[in-house]
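*Asks:* Need a 3D model of the following:
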Amino acid sequence: MAIDNKAAANARKVLDLHGGIQSRGESIGATPISVRQIQFLSLKTLPAVLYDFEAAWFLGCHVDDIPSLVNAGLLRALGSAGEDESKRFSREMLYRIAASEELLSAITDTIYNRRQAAKGVQD
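*Replies:* Numbering: from 1, shown residues only. Now for the predicted structure:
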């Protein structure tokens, strides 16, 4: 399946969140970002299959958030990796998610709710 040019362009805008990557501070907002993340997110073409930590980098979340997103049905892992194994995700699926404000909002809500539950806070 070919990647829609508009979806790919919108997905690249993920890098511009919060003013983009800072030149000296190596951070986006308050979230530290490694040189490896910068190199990965700067690729002109992402790999067809991304590991869970790469999907998290792309979506702007933490790798610990990925299982919650899978359980909520917002991400679908490729193959049949076990619970303790690293999941892999399709580049095309991630581009479609990045192009959908509705899905990004659902992801944000899921992450927020998971983190609140981890803190013991109830709505």
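*Asks:* what about the spatially most central residue of the chain, distance to G82?
*Replies:* Centroid-nearest residue in the chain: L59, 2.0 Å away (criterion: Cα atoms, centre = their mean). Computed with Cβ to Cβ, to the nearest Å, the distance linking L59 and G82 is 22 Å. Backbone N, C-alpha and C define where each C-beta goes, glycine included.
*Asks:* Next: Y51.
*Replies:* To G82, Y51 is 15 Å away according to Cβ to Cβ.
*Asks:* List the contacts of R91.
*Replies:* I3, L46, P47, A48, V49, L50 (Cβ atoms under 8 Å, 6 or more residues apart in numbering).
*Asks:* Give me the nearest residue to the third one, chain neighbours excluded.
*Replies:* Read it as P47. Closest residue to P47 apart from its sequence neighbours, by Cβ to Cβ, 6 or more residues apart in numbering: R91 at 6.6 Å.
*Asks:* The last one now?
*Replies:* Once flanking residues are discounted, L50 sits nearest to F89: 5.1 Å by Cβ to Cβ, 6+ apart.
*Asks:* what does the helix or strand hosting that neighbour rub up against?
*Replies:* With secondary structure defined by DSSP states H and E, F89 is part of strand 88-90. With Cβ under 8 Å, 6+ apart as the test, strand 88-90 has contacts from A48, V49, L50, Y51, D52, A55, L75, R76, A77, L78, G79, A81.
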